[in-house]
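**Student:** sequence first, predicted model second:
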Amino acid sequence: MRTGLIAAVTRTATGELRAELPVVGRSVLAWQVALMRDLGVERILCLCEDVRGEVLRLQHEVEAGGGAFHALKGFAALPALVRAEDDLIILRDGLVPDPLLARSLVEADPGLRRMVACLPSDHPLATSHPHDFERVDAVHHWAGLLVMRGAPVQQLADFPADADAISVLLRLALQAGTLCHGLTANALRDEACLLADSADAITRHEQAMIAKAAPESDWRAPLATLAAVLVRKLAPHGLMRAPMIGAAAAFALLIGGAVTAALGAAAGGLALAALGNFAARLSGGFATLRQHLLRQHTAGRRGVIVGVLVDALTAVAIWFALSPWPEWTPLAVCGPMAIGLARLASKTTNTALAAVASDRAIQLLLLALAAVFGLLPEAVAIMALALLAALLLRKADN
């Protein structure tokens, strides 16, 4: 059985538990639990001071998902819970390594690679946190992750109750012949590993993670890029609730825009629809960033549905801007046609065309400006023709 051992006992200089500190919307302990489950751990053992708060919440979450989670006050029960044939994966308290890095170290074919991950003795983490990243030989320090056989755990019964169980297990693993696996100096970059010993360390790590996960700016789509910049600036504080709030605001603005346009205020309706599309961009940006940072893979279909609904309401707003209720103008069909062509163009491999066509907010603002000067039908027709021409020329090039 694969068993994971984590801890929630070490405190920062300000007295907070490292394990409970938030990192991009998720506690350090939750990141460790997610990593253990990603590595195929069937049972998680957590050394803690009290079975409450985040420890209790995660215990309920793991057990609800069909896993086993044991919160232990002290390590006396470890010899009874870990069998000799088990594989034991151990993480240092407060350490959050990148899952890809951890998987590359731990996984082997077949099974797990039993090893002690090590840092060079001159690595910044080893020199600044010698207690957390203990020296294992003349030139290496422990990197906070190890995989060992379960048999040496039985020897914990010979140690006093106030001993550091993680440190003792590290020594027992080395004595049992577990090989050291050295990491390069660049392996634990800011975004690849976090030791949550302070708020400043977490802030630096969050910024590095966001910079790595955020899409590159493309000012050919100015308002879409502005939304992406705002997402990077506001994250991680709005990462959890911002997608839902942004989507609600987007739909409210788009419906308001369609109603306003239907009542005869074309410019005002299109401006509201532009704001709705900008809010949808913010919502989608937060959702995508959260998906990347938390490594969730279930939000793609939801994002597609939201995108279709946003474009449908945008098409309705342009329709009513061209033909207010209850009038009927055949030219109003150009509105939905232009949005459909923009959707097609935004999916092309031509990055310039895709960027321009995807920025629905700037398109609507230009149409609102045209409506102010009484040129909305001409502007919609030109937009549709330009998109159609771009698509046809792209097909011709292919």
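**Tutor:** Arrived safely.
**Student:** where do the helices sit along the stretch 101-250 of the chain?
**Tutor:** 124-128, 165-175, 199-213, 222-234, 242-262 (DSSP state H, counting those that start in this stretch).
**Student:** okay, the ones you listed in a markdown table with mean neighbour count next?
**Tutor:** Bear in mind the C-beta positions are built from the backbone N, C-alpha and C, glycine included. Converted to a markdown table, the helices of the stretch 101-250 of the chain look like this (neighbours: other CB atoms under 10 Å):
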| stretch | mean neighbour count |
| --- | --- |
| helix 124-128 | 15 |
| helix 165-175 | 19 |
| helix 199-213 | 17 |
| helix 222-234 | 18 |
| helix 242-262 | 20 |
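**Student:** turn those helices into JSON lines, columns for distance to Trp328.
**Tutor:** Shown next, in JSON lines, are the helices of the stretch 101-250 of the chain (distance: least, CB to CB, whole Å):
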{"stretch": "helix 124-128", "distance to Trp328": "70"}
{"stretch": "helix 165-175", "distance to Trp328": "74"}
{"stretch": "helix 199-213", "distance to Trp328": "48"}
{"stretch": "helix 222-234", "distance to Trp328": "32"}
{"stretch": "helix 242-262", "distance to Trp328": "13"}
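**Student:** Leu58 and Asp137, how far apart?
**Tutor:** Distance from Leu58 to Asp137, counting by CB to CB, to the nearest Å: 35 Å.
**Student:** what segments of this structure are strands?
**Tutor:** Residue ranges of the strands in the chain, as given by DSSP state E, are 2-8, 22-23, 26-27, 43-48, 68-72, 87-91, 95-97, 115-120, 140-149, 179-182, 193-195.
**Student:** export those strands to CSV and tack on mean neighbour count?
**Tutor:** Output for the strands of the chain, formatted as CSV (neighbours: other CB under 10 Å):
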stretch, mean neighbour count
strand 2-8, 24
strand 22-23, 19
strand 26-27, 20
strand 43-48, 22
strand 68-72, 17
strand 87-91, 23
strand 95-97, 26
strand 115-120, 22
strand 140-149, 24
strand 179-182, 15
strand 193-195, 23
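**Student:** closest to Ala163 out of those?
**Tutor:** Evaluated over those, closeness to Ala163 peaks at strand 43-48, with 11.5 Å, by CB to CB.
**Student:** ok now the closest one, how far from the chain's centre?
**Tutor:** Distance, stretch centre to chain centre, for strand 43-48: 25 Å (CA atoms, centre = their mean, to the nearest Å).
**Student:** any idea of the angle it forms with strand 87-91?
**Tutor:** Here the directions of strand 43-48 and strand 87-91 differ by 40 degrees (axes from the mean of the first three to the mean of the last three CA atoms, to 10 degrees).
**Student:** list the helices and strands strand 43-48 packs on?
**Tutor:** Of the remaining helices and strands, those touching strand 43-48 by 3 or more CB pairs under 8 Å, 6 or more residues apart in numbering; DSSP states H and E are strand 2-8, helix 28-38, helix 53-64, strand 68-72, helix 78-81.
**Student:** thinking again about what came up before, could I get the strands of the chain as TSV with mean pLDDT?
**Tutor:** Converted to TSV, the strands of the chain look like this (pLDDT from 0 to 100):
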stretch	mean pLDDT
strand 2-8	94
strand 22-23	90
strand 26-27	90
strand 43-48	94
strand 68-72	94
strand 87-91	94
strand 95-97	91
strand 115-120	91
strand 140-149	92
strand 179-182	88
strand 193-195	86
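**Student:** what would those strands look like in TSV with distance to Ala161?
**Tutor:** Converted to TSV, the strands of the chain look like this (distance: least, CB to CB, whole Å):
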stretch	distance to Ala161
strand 2-8	15
strand 22-23	31
strand 26-27	27
strand 43-48	12
strand 68-72	12
strand 87-91	19
strand 95-97	24
strand 115-120	25
strand 140-149	22
strand 179-182	29
strand 193-195	26
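**Student:** closest one to His237 among the ones you listed?
**Tutor:** Closest approach to His237 among the strands of the chain (CB to CB): strand 22-23, 9.8 Å.
**Student:** nearest the middle, which residue of this structure would you pick?
**Tutor:** What sits nearest the mean C-alpha location of the chain, by CA atoms, centre = their mean, is Leu293, with 1.9 Å.
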